[in-house]
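S.K.: What follows is a predicted structure for the sequence shown.
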Amino acid sequence: FLSLFLLLWVATTTTTPVHGERSVDFKIANAMPRGNVKGISLQSRITIPYGPELYQEDPPQSDTEQPYRGYGAGMGAAEKIVYDYTQRYLYSMSDAGYILVVDYQNPANPQLTDYSYAPPHDNLGSMEICPEQGWMFLSLFKEGQVAIYKLIDRSQPATPQLWRVVDAGQNVKSILANGDCSLIAVANTNDGKDLDQGAVTMITGFADLQQEPSVTTVPLDFNEWDDEYLLMRGLNMPLTNKSLEYWDDHSEDADDYDFSNVRQNYKSAIFLEPERLAWNGPEETELLVNMQSNNGLLRINMADYRPVAVAGYGLKDHGVVPIDVNEDDGQCDFRTYPGVFSLRQPDTIKSIKYDDKHYVFLSNEGVDKSYGDWDEAKKTNKFFKGDELDFDNMITPERLFDGSNMQAGQSWVFNDDCDEDTGVICIGKMEISLGSNAIDYESDPEEPIFYRMVLFGGRGWSIIELPDDPDDLLKLVYDSADAQERDGCEAFPWAHNGAQDDEYANVAPPNNTLFLSLDEDDKLRETLIEKNDPEEDGCTDQGDGTPGACPMPYTVDEKSDKKGAAVENIMVGEACGRLLAASVTEKTSVAMIFDVTDITSPDLVQVFHLSPVSQFKSMGLAYNQGELGEIDPESSVFLTREQSPSGKAGILFAGAYSGTVSFWEFECEKDEPAAESSGNLRG
C-alpha cells in the first residue's frame, strides 16, 4: 500500500492570494478584443555574478565585501529568481549557494545592489517569497529544512536577515506559500537511493519566534493506492514491486543490482516524486502536486489535508503527432512513428480559474528516473540489437519487434542493425523508457512485455481541465502537438533542438571561472576541454576568428533523439486585457507568446529568441562581450501591470548558465490604463 504523508502545522487558507505568484482568476466577459496583444519586446538585461569572486583573484573576494564580482559563463548565477513587486527588488539564487539582489527601481537600467549575501546553508534547492508580508523561504534539500528570511525594506535597505530555520521533512524539493502567507507547502521527494517516500509538508506558525511550531504527523489514507491502483490511474511508475523483481532476479543485468532492501520494505510512495506545487485557483481549496517522473497530478483537499485524487497526464501518440527524432540530418524532419509515444512529464504547472472552471497548464519538459545503479532511460540501438532484445526474458508483440522479420516491426528504424538500403531513415539511439508506461511487468515479472516505445517529455505544452469529481480522470483540452518544435524551427532553424549549457562555457580567460573551479579529474572539466578544442568537439571560429566552443547552429538536432524542444517553463497571466501564456525551451532559449483567451484554441502571438547572438558567437565569447542572452532559462516570472516595475505587464526571464536576467514588456494595440506604482506596500 502507499503511505504518502503530510507533516502538518495547523493550516488556514485564503481567498485572495497575495504572494509572489498569484493564481489567475480570469473572466472571459472582461476580455478586451481579440488581437489586442501586439507582442512583447525587450526592455533591459543585466548580467549578475554567481557570488563573490573566488577563482580569479588572490586572495578571493570575501562573502561580506560588496558588490559581488564573481562572473563567468556556465556558473549557474540565476538558477531561480523571485521578484518583490512591493520594493522592486529581484532575488536570484545561484548554483554556488549565494543570493544576488538586483534593484529594479528603474526597469530600463537594473542595478546589482550591495545587499547580496551568502546564506549559511548548504544545498539550496528552491526559493519563494511573500512580498506583502516581507518573507523569503529557502529550501535546504539534504538538510530537510526551510530557512526563513525577512526581505529587504527599501526605506531601510540592508542584507536580508535570517528569521529561523524549520524542519520540513526529507529532501525538500520545492516550496509554495498560500495567499496570506500563513502557510507554506513543501514537496519532499526521494533522492534516488534510499527508502524515503514522496511526501508533502505543511508549515505554519513560523512568524512568532517566542513559540516553536507545533509539529503533527498526519498519516494519509492511501491504503487502496497500491501499484495496481496507480497504474490503473495512468501514472508512470519508473519501478514497481514486480519490476524490481524482474531487474533483481530475471534480467541479464541481475548481478549488477541489489534491490533486496527496497523489495523487503517496498511502498509505492518510494517511487512517487512530488516536484512542483500549485494552488487550485484563487480559493486555494486544493493543493496540486506535480509528479514529473510519474507523469501525473496529485490533489490534496486543504480542508482536511486529505489526498482526494491522483491521475496521469496521458501520452502523446507519435503515430499521429509528428516528431523529429533524427539527430543526424541537421534539419527539421517531422515524421510519424507508429508504436512511439511520449510522456508529457511537465517540469512546471500553473493553475488558473477560468470563469467557473479550473485548468492546469503543463510545460512538458521530460525527465528520466535513476535509482541506485538502475536508470529508466535506454537508447533504442542498445535495446533492439539485430534479431534479439538486449534484455533476457522480455517479450514483445510482433507488430513492434519480430526477430524473424525485423524489417516488419515498428522498431526497425530504431534497431542497431537498421539498413537505409531497405528504404527507411535509420534513427538509432533514441532514448526510451523502461518504466511502467512502456513495459508490463505486472502480468509476469519473469517475462515482462515490452509493448511500446515511450519517450521522455511531450516537447511542448498542454492544458488540462480538473474534473469536479476527483475520481474522474484529467481532461486534456489542448496540446501543442508538434507546434513548439515546428514553429520554433521555422523562426530559428539555427537553434532547432540544439544545445547550449554549462558544457559550452569558455576554457580560456577572461571569466573562465567554471573551468578554474573544477578539479583536475572532474568529468565536466574534461567535457569543457573537448567542447573548446577544434580537434575534438569545438570550432575553429567561435565567432571572432579564434578557436573555442561552437555557437548554437553547430549543435542543431543534438537533442532530437532525447527530449527535443524541452519546454522548461510555462507562465500564465493577464496582459492587454487578454489571457496569455508564455513557453520557453531549456537548451535552445526559444520563447513563445500565446493568446489563450479561447482556452481550447490558443493563438500564437510571437516567437522570439532570448539569445539571438548565439547564432553567431559561442557562449563564452558572447558573455565576455556583454551580448549573451538567457541560456537555460529555468526560472521566469510573469508580472501583471500592478506588479510590473514599469506599470505595464511583462515577463522576467532568467538564464541559469548565462547569469542574465531580462525584462520584457507586452505591447498592446489599445493600452489598458497604466497601473500606479506599487510603492512600499509593507511600509
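M.R.: It's in.

S.K.: all helices of the chain, in order?
M.R.: Using DSSP state H, the helices of the chain run over residues 227-232, 241-245, 260-264, 380-383, 483-491, 513-517, 523-532, 619-624.

S.K.: Tell me which of those sits nearest to residue 648.
M.R.: Among those, the nearest to residue 648 by C-beta to C-beta is helix 483-491 (24.4 Å). For glycine as for every other residue, the C-beta is placed from the backbone atoms N, C-alpha and C.

S.K.: Under the pLDDT cut-off, which ranges of this structure? List them.
M.R.: 1-22, 213-224, 673-683 (pLDDT under 70).

S.K.: quick one: the lengthiest strand in it to chain centroid distance?
M.R.: In the chain, taking DSSP state E as the definition, the longest strand is strand 37-47. In terms of C-alpha atoms, centre = their mean, to the nearest Å, the centre of strand 37-47 is set 22 Å apart from its chain centre.

S.K.: got the CA coordinates for it in PDB?
M.R.: What follows is strand 37-47, C-alpha atoms only, in PDB (Å, rounded to 0.1, in the frame of the first residue of the first chain):
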ATOM      1  CA  VAL A  37      -1.800  41.900 -27.900                       C
ATOM      2  CA  LYS A  38       0.800  43.100 -30.400                       C
ATOM      3  CA  GLY A  39       3.700  41.200 -28.900                       C
ATOM      4  CA  ILE A  40       6.400  41.600 -26.300                       C
ATOM      5  CA  SER A  41       9.700  43.500 -26.500                       C
ATOM      6  CA  LEU A  42      13.000  43.600 -24.600                       C
ATOM      7  CA  GLN A  43      13.400  46.500 -22.200                       C
ATOM      8  CA  SER A  44      16.600  45.600 -20.300                       C
ATOM      9  CA  ARG A  45      19.100  42.900 -19.500                       C
ATOM     10  CA  ILE A  46      21.500  42.600 -16.600                       C
ATOM     11  CA  THR A  47      24.400  40.100 -16.100                       C
END
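
S.K.: Direction included, what does that strand pair against?
M.R.: strand 660-668 (antiparallel) (DSSP bridges).

S.K.: Just the C-alpha atoms of the partner strand, please, in PDB.
M.R.: The C-alpha coordinates for strand 660-668 follow below in PDB (Å, rounded to 0.1, in the frame of the first residue of the first chain):
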ATOM      1  CA  THR A 660      21.500  37.000 -17.100                       C
ATOM      2  CA  VAL A 661      18.000  38.400 -16.300                       C
ATOM      3  CA  SER A 662      16.000  40.200 -18.900                       C
ATOM      4  CA  PHE A 663      12.800  42.200 -18.600                       C
ATOM      5  CA  TRP A 664      10.300  42.100 -21.500                       C
ATOM      6  CA  GLU A 665       7.200  44.300 -21.700                       C
ATOM      7  CA  PHE A 666       3.900  43.500 -23.500                       C
ATOM      8  CA  GLU A 667       2.800  45.800 -26.300                       C
ATOM      9  CA  CYS A 668      -1.000  46.400 -26.600                       C
END
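
S.K.: got the buried residues for that strand?
M.R.: With burial defined by 16 or more other C-beta atoms under 10 Å, the residues of strand 660-668 counted as buried are 660, 661, 662, 663, 664, 665, 666, 667, 668.

S.K.: from those residues, which two are the most distant?
M.R.: Spanning the widest gap among those are 660 and 668, at 26.1 Å by C-beta to C-beta.

S.K.: Need the contact partners of the longest strand of the chain.
M.R.: 71, 102, 107-112, 575-576, 578, 580, 582, 593, 595, 605-606, 608, 623, 626, 628-629, 646, 650-651, 658-669 (C-beta atoms under 8 Å, 6 or more residues apart in numbering).

S.K.: ok, back up a step: can you redo the buried residues of strand 660-668 as TSV with distance to residue 493?
M.R.: Shown next, in TSV, are the buried residues of strand 660-668 (distance: C-beta to C-beta, whole Å):
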residue	distance to residue 493
660	24
661	27
662	23
663	28
664	23
665	27
666	27
667	26
668	30
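
S.K.: Can you go through the contacts of strand 37-47 and name the buried ones?
M.R.: Buried residues within the contacts of strand 37-47, counting neighbours by 16+ other C-beta under 10 Å: 71, 102, 107, 110, 112, 575-576, 578, 580, 582, 593, 595, 605-606, 608, 623, 628-629, 646, 650-651, 658-668.

S.K.: measure residue 525 to residue 535 for me?
M.R.: Relative to residue 535, residue 525 is positioned 17 Å away (criterion: C-beta to C-beta, to the nearest Å).

S.K.: now swap in residue 588 and tell me
M.R.: Residue 588 is 26 Å from residue 535, by C-beta to C-beta.

S.K.: between the two, who's got more neighbours?
M.R.: Of the pair residue 588 and residue 535, residue 588 is the one with more neighbours under other C-beta atoms under 10 Å, namely 34 against 8.

S.K.: Can you report how many residues lie near the residue lying closest to the more buried one once chain neighbours are set aside?
M.R.: Of all residues not flanking residue 588 in the chain, residue 495 sits nearest, at 4.4 Å (C-beta to C-beta, 6 or more residues apart in numbering). Residues within reach of residue 495, counting by other C-beta under 10 Å, total 26.

S.K.: swap in the one 3 residues further on?
M.R.: For residue 498, the neighbour count with other C-beta under 10 Å is 25.

S.K.: so of the helices of the chain, which one's packed in deepest?
M.R.: helix 619-624 (a mean of 26; mean count of other C-beta atoms under 10 Å).

S.K.: could I get that one in CSV with only the CA atoms?
M.R.: Provided in CSV are the C-alpha atoms of helix 619-624 (Å, rounded to 0.1, in the frame of the first residue of the first chain):
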residue,chain,number,x,y,z
MET,A,619,28.5,31.3,-25.1
GLY,A,620,31.8,32.3,-23.5
LEU,A,621,32.6,34.9,-26.2
ALA,A,622,29.2,36.5,-26.2
TYR,A,623,29.3,36.5,-22.4
ASN,A,624,32.6,38.3,-22.3
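
S.K.: Could you measure from residue 429 over to residue 380?
M.R.: Applying C-beta to C-beta to residue 429 and residue 380 gives a distance of 6 Å.

S.K.: nope, residue 624 is what I was after
M.R.: Residue 624 is 40 Å from residue 380, by C-beta to C-beta.

S.K.: again, but for residue 328
M.R.: Distance from residue 328 to residue 380, by C-beta to C-beta: 14 Å.

S.K.: between these two, what contacts are shared?
M.R.: When contacts are counted by C-beta under 8 Å, 6+ apart, residue 328 and residue 380 have residue 428 as shared neighbours.

S.K.: hang on, the earlier thing: please flag which of the contacts of strand 37-47 sit within strands.
M.R.: 102, 111-112, 575, 578, 580, 582, 593, 595, 605-606, 608, 650-651, 660-668.

S.K.: contacting residues for the nearest residue to residue 557 once chain neighbours are set aside?
M.R.: Nearest residue to residue 557, sequence neighbours excluded (C-beta to C-beta, 6+ apart): residue 327, at 4.7 Å. Listed by C-beta under 8 Å, 6+ apart, the contact set of residue 327 reads 429, 497, 557, 558, 559, 560, 561.

S.K.: repeat for residue 474
M.R.: 297, 311, 312, 313, 314, 464, 465, 466, 467.

S.K.: Which residue, neighbours along the chain excluded, lies closest to residue 243?
M.R.: residue 441 is the one closest to residue 243 (C-beta to C-beta, 6+ apart), at 4.0 Å.

S.K.: Kindly provide the distance from the one you found to residue 414.
M.R.: Here residue 441 is placed at a distance of 22 Å from residue 414 (C-beta to C-beta).

S.K.: From residue 277, how far out is residue 468?
M.R.: From residue 468 to residue 277 the distance is 21 Å (C-beta to C-beta).

S.K.: Please say which of these two ends up with more neighbours.
M.R.: Set residue 468 next to residue 277 and count neighbours by other C-beta under 10 Å: residue 277 wins out with 25 against 9.
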